[in-house]
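>>> sequence and predicted structure, then a few things I'm wondering about:
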Amino acid sequence: MTHEPRCPVTQFDHHSPEHTRDHVAIYKKLREQTPVAWSEAHGGFWVLSDYASVYEASRDDDKFSSARHDEYGGPGLAVTIPKAPTQFHIPIEIDPPNSAPYRKLINKVTAPKAVEKLEPMIKHYVTGIVDSVIETGEADLAIVAGVPAMAVIDWLGLNPAEYQVYVDAMHTLVSAAPGSDEYRHAAEISVPWVEATVREHIRYRREHPGDDITTYFIDAEVNGEPMTDDEIYSILELVISGGVGTTASLVTQSLVWLYQNQDERRQLIENPDMLNIAIEEFLRVFSPTQALARTVMSDAEFHGCPVRKGDRALLSWASANRDPEQFADPDEVDITRWPNRHIAFGVGVHRCAGLYIAKALAREIFTQVFERMGDYEVDMENLVTYPDQGTNAGFHSIPVTFTPGERLLGNTPLFAEHYTKAG
């Protein structure tokens with residue numbers, strides 16, 4: 001990486017306490033003053049904050065590579081700054097055209113028709129989670145954030161009762177401050193456990209096929225050849241890491257906002273057909289994945305700035321989604337906004353493949369919260385946000401009270417109907 005003067009230079013650090021306190025204001029200032037700027041934090045990187053630059057960079061895979069280049073920025077997950085200590089992720093860390101056959105396989109099981117088949121399972125877990133608190137009249141509403149992890153783990157054929165370890169391994173790495181005790185525990189304890197468990201599950205499924213997505217990938221071929229255990233593990237780890245964090249981030253932020261905006265909450269309760277469009281607006285305003293990184297692969301001038309081969313760049317979907325050049329009144333949450341060309345799931349070949357699953361999960365969570373605990377009141381003084389909101393924003397704890405209700409699954413254990421054990 002070169003050390004020549006950059007133009008302009010910003011003090012931006014998406015892992016700082018200041019960013020966690022008010023990342024919306026920080027990104028707004030960047031868009032207005034320095035939409036493409038150089039930060040000296042974390043070894044130095046470009047931060048792209050306006051819609052035009054983020055959109056262009058995310059579609060230029062030759063110049064802004066998603067692939068893992070350990071020689072630039074050190075080893076680890078290429079799409080975060082600093083890089084996270086995870087295994088290689090397919091297909092997000094493979095540039096086109098080599099990513100295409102993997103993406104084709106993933107798209108087949110994440111397309112809208114395929115996701116429809118998951119809806120009964122999703123409903124089961126949401127019902128079970130709400131059942132676990134509905135009779136008490138008080139709860140931590142962030143508990144619903146566990147549903148995405150349960151559903152994804154079950155989908156893969158793993159044991160959903162162990163979902164919390166997967167959350168710690170994959171979500172804590174991007175929601176806790178790098179170097180913190182929580183971060184170290186995730187990296188040193190939970191991540192190795194997940195790797196060992198998932199790899200054993202792959203080995204078991206090779207000998208004992210099941211009706212799950214792991215078996216689907218074992219049976220699949222890439223360029224006429226079956227995938228190795230390493231390739232399958234790489235895909236599954238990415239699916240888990242995406243599944244446990246994105247929807248949790250979206251739902252927790254939206255539920256707090258809906259408490260603060262009772263008229264809109266009432267509208268959605270009384271008009272459930274408005275929910276799909278409202279979710280698109282929540283995705284825009286509360287972009288679950290705040291930003292992802294790329295590596296510059298050639299010297300060039302980009303929006304007036306001299307990017308150089310080996311530079312790292314952070315593309316902020318969250319900031320781009322509040323760009324007034326693209327969205328009227330971008331800081332206003334309009335649950336009727338349409339069309340809504342947000343890029344919360346990214347742009348280009350690496351657009352999130354799990355977007356339809358995320359929307360289905362969010363839709364069922366909102367639906368049941370509205371129907372069964374729609375008068376919830378949030379204890380705003382005791383909200384607990386993610387300690388680091390550089391990659392994902394959201395709430396770890398949302399204390400609420402509500403009118404108690406009845407269980408819908410009786411005394412059936414939450415995991416009884418969808419318990420799977422890998423040998």
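Noted; the coordinates are in hand.
>>> show me where pLDDT drops low in the stretch 201-350 of the chain?
Scanning the stretch 201-350 of the chain for pLDDT under 70 picks out no residues.
>>> what about 90?
240-248 (pLDDT under 90).
>>> quick one, helices of it?
213-219, 229-260, 262-270, 275-285, 317-320 (DSSP state H, counting those that start in this stretch).
>>> so which of the ones you listed is nearest I90?
Closest approach to I90 among those is made by helix 229-260 (4.2 Å; CB to CB). Quick note: C-beta positions are derived from backbone N, CA and C, even for glycine.
>>> so what's the gap between the closest one and the chain middle?
4 Å (CA atoms, centre = their mean, to the nearest Å).
>>> rewinding a little: could the helices of the stretch 201-350 of the chain be laid out in TSV, adding distance to I94?
Compiled in TSV, the helices of the stretch 201-350 of the chain are given as follows (distance: least, CB to CB, whole Å):
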stretch	distance to I94
helix 213-219	15
helix 229-260	9
helix 262-270	39
helix 275-285	26
helix 317-320	20
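>>> same list, the ones you listed, but as a markdown table with mean neighbour count and distance to A344 please.
Compiled in a markdown table, the helices of the stretch 201-350 of the chain are given as follows (neighbours: other CB atoms under 10 Å; distance: least, CB to CB, whole Å):
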| stretch | mean neighbour count | distance to A344 |
| --- | --- | --- |
| helix 213-219 | 20 | 24 |
| helix 229-260 | 23 | 8 |
| helix 262-270 | 15 | 19 |
| helix 275-285 | 21 | 4 |
| helix 317-320 | 27 | 6 |
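>>> so which residues of the stretch 301-423 of the chain form strands?
In the stretch 301-423 of the chain, strands defined by DSSP state E, counting those that start in this stretch lie at 305-307, 312-316, 377-378, 384-385, 395-397, 399-401, listed in chain order.
>>> just name the most buried of the ones you listed.
Mean neighbours per residue, mean count of other CB atoms under 10 Å, is largest over the strands of the stretch 301-423 of the chain for strand 312-316, with a mean of 26.
>>> contacts for that one, please.
Strand 312-316 is contacted from outside by 14, 27, 43-49, 54, 57-58, 64, 72-73, 81, 290-296, 307, using CB atoms under 8 Å, 6 or more residues apart in numbering.
>>> kindly report the same for stretch 246-253.
141-142, 144-149, 167, 171, 282-283, 286, 288-289, 352, 354, 358, 361-362, 365-366, 386, 392-395, 398.
>>> make a PyMOL selection of the buried ones in those.
To isolate the buried members of the contacts of stretch 246-253 in PyMOL, using 16 or more other CB atoms under 10 Å:
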select buried, resi 141+142+144+145+146+147+148+149+167+171+282+283+286+288+289+352+354+358+361+362+365+366+386+392+393+394+395+398
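>>> so which of the contacts of stretch 246-253 belong to helices?
Under the assignment DSSP state H, the contacts of stretch 246-253 contribute G146, V147, P148, A149, V167, F282, L283, A358, L361, A362, I365, F366 to helices.
>>> how about the first one, what does it touch?
The reference is to G146. Contacts of G146 by CB under 8 Å, 6+ apart are I129, Y163, Q164, V167, A248.
>>> and those, which is closest to R341?
Checking the contacts of G146 one by one against R341 (CB to CB), the nearest turns out to be A248, at 24.4 Å.
>>> returning to that earlier point: okay if I get the strands of the stretch 301-423 of the chain as TSV plus distance to Q262?
Shown next, in TSV, are these (distance: least, CB to CB, whole Å):
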stretch	distance to Q262
strand 305-307	45
strand 312-316	31
strand 377-378	10
strand 384-385	22
strand 395-397	19
strand 399-401	14
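>>> quick one: closest of those strands to Y102.
Comparing the strands of the stretch 301-423 of the chain by CB to CB, strand 312-316 comes nearest, at 21.4 Å.
>>> that closest one pairs with which strands?
Strands flanking strand 312-316 in the sheet, each with its direction: strand 45-48 (parallel), strand 291-296 (antiparallel) (DSSP bridges).
>>> show residues contacting stretch 366-385.
Contact with stretch 366-385 is made by 20, 126-127, 130, 134, 139, 141, 144, 251, 254-256, 259-260, 265, 268-269, 272, 275, 279, 393-403, 405, as judged by CB under 8 Å, 6+ apart.
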